[in-house]
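> give me a 3D structure for the following:
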Amino acid sequence: MAHTPLRIVSYNVRYFGHALRGLASTLGPKRRVAAALATLDPLPDIVCLQEVETQSFRSNVAHRRARPDETQLEAFMGRMEETFAHLRRPMPYEAFYFRAHHYKLGEFSLYTTGLAILVNTQRLAVDTHNVDSPHQITHHHVRALRERKQSRICAHMRLLSREDGLPFHIFNTHLSLPTPFSRAFWATREKMGNGINQLHEARALAQMVKARANGEPFLVCGDFNSPPSSPVFHYLCDEACFIDAQAAVGQIDPRQPRGFPTAGFMHMRMHLDHIFSGSGVRWLDADETSPFGDVRSRFHGLSDHMPLIARFQLEPPAAHAEPAAPAGA
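Have a look, this model is predicted:
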């Protein structure tokens, strides 16, 4: 029996503040990101977002909230509702927010960090999630700076296909930048993906994924701040045995760190974002995934990252089960 493909989007939205160079969130980018996602065909079944705020000065200074306690994700989902109403289509997404860190000056909330996952509940059912306690993966290379460093987390959900009941897991994360407080940082020209702290976080991530998935199919996506061919990428693919979606469908050469930039800063172009999977997932295509700077993309100019968009099929359990041990072994 052929199972209907599913579609996933992974996107660092830069707090919906790219129009003001990340200094503040505005209403326009939320509307434009919502419109870009809602007009994808087919619609994504899962949307994983990185760099989503809770509430802070940065998220509110240029955006008037509908109510005092409205979060940035709630404001964005309001724009999603508007977009689907304009398209005269039912809005299928339920949103989940995973809080990572809160920066305060006294009682003043300066800015916050977090992750979000949107689930198309017409196609998928949510079984479990770790919204209340996202898994911590931060590696503190300098203990004295522990409270000043951004917390890095992994959001996790176990989902069930409404078509056939097949379970699978979604993990969404955002790894740290490489620490400069290491001799290795200054010993190599290539910094991203070479940080000792990034390798520690990648190991913590892989251990958590394997433990939570417990042999079931899984997908891991996010901003890894690490290009293909970097030590972090090699660890995840070669040692943790993750499968890179873009490499699986022939969109990238994993030996080329700059062949397909997913993010940009000034004149720099970097491949920092990835979607990985384990056994039980077959990648079909990465249609509408465009490199950073592609003016033809509906996502051009909406963030300093471009989204990764990919379709996959879940394989029945028998197709990816571990081989049975020989009788008498």
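
> for the closest residue to residue 293 other than its chain neighbours, name its beta-bridge partners.
Using Cβ to Cβ, 6 or more residues apart in numbering and skipping the chain neighbours, the partner closest in space to residue 293 is residue 264 (6.3 Å). In short, each C-beta sits where N, CA and C put it, glycine included. Taking DSSP bridges as the rule, residue 264 bridges to residue 269.

> residue 154 in helix, strand or coil?
For residue 154, the assignment made with DSSP: H, G, I helix; E, B strand; the rest coil gives strand.

> test my guess that it contacts residue 133.
No. Using Cβ atoms under 8 Å, residue 154 is not in contact with residue 133; the gap is 11.2 Å.

> quick one, phi psi at the spatially closest residue to residue 227 that is not a sequence neighbour?
Nearest non-adjacent residue to residue 227, counting by Cβ to Cβ, 6+ apart: residue 257, 3.8 Å away. Backbone dihedrals for residue 257, given as degrees, to the nearest 10, come out at phi -70, psi -20.

> can you get me a residue count around residue 257?
20 (other Cβ atoms under 10 Å).

> can you pull the contacts of it?
With contact taken as Cβ atoms under 8 Å, 6 or more residues apart in numbering, residue 257 is in contact with 190, 227-230, 271.

> repeat for residue 5
284, 311-313.

> so which of those residues is the most crowded?
Most surrounded of the contacts of residue 5: other Cβ under 10 Å gives residue 312, at 24 neighbours.

> tell me where the chain has helices.
27-38, 57-60, 72-87, 183-187, 196-213, 231-234, 245-248, 317-320 (DSSP state H).

> figure out which of these is closest to residue 96.
Of all the helices of the chain, helix 72-87 sits nearest to residue 96, with 8.7 Å by Cβ to Cβ.

> tell me which residues in that closest one are buried?
72-80, 82-84 (16 or more other Cβ atoms under 10 Å).

> and which of those residues is nearest to residue 169?
For the buried residues of helix 72-87, the nearest to residue 169 is residue 73 (21.4 Å; Cβ to Cβ).

> who touches the nearest residue to the closest one once chain neighbours are set aside in this structure?
Nearest residue to residue 73 in three dimensions, chain neighbours excluded: residue 97, at 4.9 Å (Cβ to Cβ, 6+ apart). Contacts for residue 97 (Cβ under 8 Å, 6+ apart) come out as 52, 54, 71, 73, 114-116, 131.
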